[in-house]
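Peer 1: pasted the sequence and its predicted model underneath.
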Amino acid sequence: LLHSGADGSLIRQIDPGPETWRLGHSLVALPDLDGDGVGDLAAGAPGLVSCPPYGTGCLGSDRGRVLLLSGADGSLIGEWTGDTEGHLFGRRMALAGDLDQDGGGDVAVTSDADGGEVWILSTATGATLLSLRDDTPGSQFGQDLVTLPDGPASGVRFAVLSRQMDGSARLRFHDAAGSL
């Protein structure tokens, strides 16, 4: 749902269907991707699984998707889909600057795959520009992330939160090449 900031009235409702359950769980404002002069939007839809006791008869998909939507009319510009059930692709996102220097804003997207991953994706080509993970046993990498301003002194671009099985947390900083 898109509401007016002036009076709260409904401007637009987007409902692309059941394969995008939890659409809007994460949102990222993007520069104009489709050339219409209006900024666009990445909307995460990590999916929803509704299971009765013991996991039988589950409804939905938790593979996850990210939709690139026109800011002018809500039409679909592009999309990415998670590759495995249970990974909740698109659960968290952040604007990732312009790593491939194509003039568009790239997007950092988390996935709960195998302890967690962060994917940096090009909004222009859909290509994976960078993949980050933490192979520490018990890590839940990508529980949150933020893109930092490009500082000449540090060169840091991404801060990624990992939660550990013992309840502790680690904050890791990565540069545009994925190095710590």
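Peer 2: Structure received.

Peer 1: rest of the way, CA atoms for contacts and neighbours
Peer 2: OK.

Peer 1: in this structure, where is pLDDT below threshold?
Peer 2: Scanning the chain for pLDDT under 70 picks out 1-2, 14-22, 48-61, 149-156, 177, 180.

Peer 1: in contact with Asp106, which residues are there?
Peer 2: Neighbouring residues of Asp106 by CA atoms under 8 Å, 6 or more residues apart in numbering: 95-100, 120-123.

Peer 1: identify the farthest-apart pair in the residues you listed.
Peer 2: With CA to CA as the measure, no two of the contacts of Asp106 lie farther apart than Leu95 and Asp100, at 13.2 Å.

Peer 1: counting neighbours, go ahead and name the busier of those two.
Peer 2: Using other CA atoms under 10 Å as the criterion, Leu95 and Asp100 rank with Leu95 on top: 23 against 17.

Peer 1: skip the chain neighbours and tell me the closest residue to the more buried one.
Peer 2: Val107 (4.8 Å; CA to CA, 6 or more residues apart in numbering).

Peer 1: what residues are bridge-paired with the one you found?
Peer 2: Val107 has these beta-bridge partners by DSSP bridges: Leu95, Leu121.

Peer 1: I'd say it and Leu99 touch.
Peer 2: No: between Val107 and Leu99 there is no contact, the gap being 9.5 Å when judged by CA atoms under 8 Å.
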